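Novice: All I have is the shape, not the residue letters:
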């Protein structure tokens, strides 16, 4: 009878991981900013009907959001699709998994479960590594500098790294510090903006300030401040000072995620980036703008033609994220409870790439592969890196001339000289690094093996 009662209490289905919850909350914030209204449970339920004729009940959506009760994977997938999100393996896990994450004590043959410890189990790599996770390599010097800079009026931090190098994990910790100081954090993800937003500086700035107004729970009154004779930049700056900042009792952190997207639109970067620089300079001078702090996240060097005195990318504090060292990979291996013997061959394969290292450790930790099998199949369609490699291949095929340029790189015996625009895009994808002569090489052996055979 007792066994049946215990079995009936067992949580079934799937629940969101911390990475999935963060991804969901950020998307909801962005969509609410764009639409101009709150996404209540009834609103969310109606959106799911656009994906599935029956849709999801509000109770099911509540279970997904609160992460307390398992639901079937199809429901989570439908919910994500209704919010224009793709459900990935790292976004959820079996609800029963929490039941096994316990401390076992005692020396007898019947271990006693006394404490649930979900934080000790690693999430599937891909999203930001949760705060206080043992599976994150701290960078105390960079983090201390960034925390100091964000506390200053007009402080500006530039976080640069290619894809999957840990920008979101670093930013998560920085913004957690800002929140602990009582600051208000406003996120601007340029990947969320419609293509039409980049058609003119006027439209871009109106989109930006509408999104910021909504995140501050203030009605947008742009039309009251937008003056055609003054121009969009002056109108926007006045709106920022007199509406968004004038009554702000606490500093505001403006976070621009993947700001390098504006590099693709000359009509925008020639107007907006100097405007951003002017806000930074005015914030340093003691005006209302001193309530602002800036965080710029981007995945490439800056090759767009800008006057040095108008660029926001040569001021503030630069944070350049790098590959993990062998010593750091060893520390990470210890966190997973893995042998130190795996460090050297993995470093040879992926050269300390944070995501690729974490992915290998995750599969080795849960017993889904062994090191010899991982190394043998690494660049194959059935290896643990298959999805990542095919995503890289898709990115190359989507960019004009990228596939041909990278083919030259992987087939050459030495570094290759590339056009700046092509080099910028390949670097932002994390596929190349540069030697001392600024010639491009594959960033790791894995890419050399996979793309060299294609």
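Specialist: That came in fine, so what should we check first? All values derive from a computational prediction rather than experimental measurement.
Novice: quick one: terminal-to-terminal distance for stretch 160-173?
Specialist: 15 Å (Cα to Cα, to the nearest Å).
Novice: Can you point out the helix or strand that includes residue 318?
Specialist: Under the criterion of DSSP states H and E, residue 318 resides in strand 317-320.
Novice: which residues of the stretch 1-150 of the chain fall in helices?
Specialist: Per DSSP state H, counting those that start in this stretch, the stretch 1-150 of the chain carries helices over the ranges 2-8, 18-35, 41-48, 58-66, 73-82, 140-150.
Novice: could you redo those as a markdown table and give each row mean pLDDT, mean neighbour count and distance to residue 170?
Specialist: (Each C-beta comes from the backbone N, C-alpha and C, glycine too.) Output for the helices of the stretch 1-150 of the chain, formatted as a markdown table (pLDDT from 0 to 100; neighbours: other Cβ atoms under 10 Å; distance: least, Cβ to Cβ, whole Å):
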| stretch | mean pLDDT | mean neighbour count | distance to residue 170 |
| --- | --- | --- | --- |
| helix 2-8 | 41 | 7 | 43 |
| helix 18-35 | 76 | 18 | 14 |
| helix 41-48 | 85 | 17 | 31 |
| helix 58-66 | 87 | 18 | 26 |
| helix 73-82 | 91 | 20 | 25 |
| helix 140-150 | 93 | 16 | 8 |
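Novice: among those, which is nearest residue 311?
Specialist: When the helices of the stretch 1-150 of the chain are compared by Cβ to Cβ, helix 140-150 sits nearest residue 311, at 17.8 Å.
Novice: any idea which helix or strand comes after the closest one?
Specialist: Downstream of helix 140-150, the first helix or strand assigned by DSSP H and E is strand 156-160.
Novice: circling back: go through the helices of the stretch 1-150 of the chain and name the closest to residue 359.
Specialist: Comparing these by Cβ to Cβ, helix 18-35 comes nearest, at 13.3 Å.
Novice: and the gap between the most centrally placed residue in the chain and residue 227?
Specialist: By Cα atoms, centre = their mean, the chain has its centre lying nearest to residue 168, at 3.9 Å. Remark: distance between residue 168 and residue 227 (Cβ to Cβ, to the nearest Å) = 38 Å.
Novice: Just confirm residue 400 is within a strand.
Specialist: No. Per DSSP: H, G, I helix; E, B strand; the rest coil, residue 400 lies outside any strand segment and is coil.
Novice: Off-centre distance for the strand or helix carrying residue 358?
Specialist: Per DSSP H and E: residue 358 is located in helix 354-365. Put simply, helix 354-365 sits 18 Å off its chain's centre (Cα atoms, centre = their mean, to the nearest Å).
Novice: start the count at 615, not 1, going forward
Specialist: Renumbered: residue one is now 615, and that last one reads helix 968-979.
Novice: If you count neighbours, what's buried in it?
Specialist: 968, 969, 970, 971, 972, 973, 974, 975, 976, 977, 978, 979 (16 or more other Cβ atoms under 10 Å).
Novice: what's it packed up against?
Specialist: Helices and strands touching helix 968-979, by 3 or more Cβ pairs under 8 Å, 6 or more residues apart in numbering; DSSP states H and E, are helix 940-950, helix 957-964, helix 985-991, helix 1000-1012.
Novice: Helix, strand, or coil at residue 1050?
Specialist: Here residue 1050 is recorded as coil under three-state DSSP.
Novice: cool, residue 1032 as well?
Specialist: coil.
Novice: That one: neighbour count?
Specialist: Residues within reach of residue 1032, counting by other Cβ atoms under 10 Å, total 22.
Novice: Name all residues that make contact with residue 761.
Specialist: 788, 791 (Cβ atoms under 8 Å, 6 or more residues apart in numbering).
Novice: if we can go back for a sec, and the helices and strands packed on helix 968-979: which comes nearest residue 881?
Specialist: Here helix 1000-1012 is closest among the helices and strands packed on helix 968-979 (Cβ to Cβ), at 22.1 Å.
Novice: returning to that earlier point: would you tell me which one of the buried residues of helix 968-979 comes nearest to residue 897?
Specialist: residue 968 (32.3 Å).
Novice: how much space between that closest one and residue 841?
Specialist: Distance from residue 968 to residue 841, counting by Cβ to Cβ: 47 Å.
Novice: ok, now residue 934?
Specialist: With Cβ to Cβ as the criterion, residue 934 and residue 841 are 40 Å apart.
Novice: shaky segments in this structure?
Specialist: 615-626, 647-651, 710-734, 914-919 (pLDDT under 70).
Novice: tell me the domain ranges of it?
Specialist: Domain segmentation of the chain under automatic domain parsing yields 625-709, 754-934, 999-1068.
Novice: Next, format these as a markdown table and append distance to residue 955.
Specialist: A markdown table is the format used below for the domains of the chain (distance: least, Cβ to Cβ, whole Å):
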| stretch | distance to residue 955 |
| --- | --- |
| domain 625-709 | 27 |
| domain 754-934 | 25 |
| domain 999-1068 | 18 |
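Novice: right, and those - which one's nearest residue 991?
Specialist: Residue 991 lies closest to domain 999-1068 among the domains of the chain, at 8.5 Å (Cβ to Cβ).
Novice: Distance from the chain centre to the closest one, please.
Specialist: Taking mean C-alpha positions (Cα atoms, centre = their mean), domain 999-1068 and its chain are 22 Å apart.
Novice: what about it, how long is it end to end?
Specialist: Rule used - Cα to Cα; the end-to-end distance of domain 999-1068 is 16 Å.
Novice: circling back: rebuild the helices and strands packed on helix 968-979 as CSV, extending it with distance to residue 847 and mean neighbour count.
Specialist: Shown next, in CSV, are those (distance: least, Cβ to Cβ, whole Å; neighbours: other Cβ atoms under 10 Å):
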stretch, distance to residue 847, mean neighbour count
helix 940-950, 44, 16
helix 957-964, 44, 18
helix 985-991, 53, 15
helix 1000-1012, 32, 15
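Novice: Reformat these as a markdown table; add distance to residue 696.
Specialist: Converted to a markdown table, the helices and strands packed on helix 968-979 look like this (distance: least, Cβ to Cβ, whole Å):
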| stretch | distance to residue 696 |
| --- | --- |
| helix 940-950 | 35 |
| helix 957-964 | 36 |
| helix 985-991 | 36 |
| helix 1000-1012 | 23 |
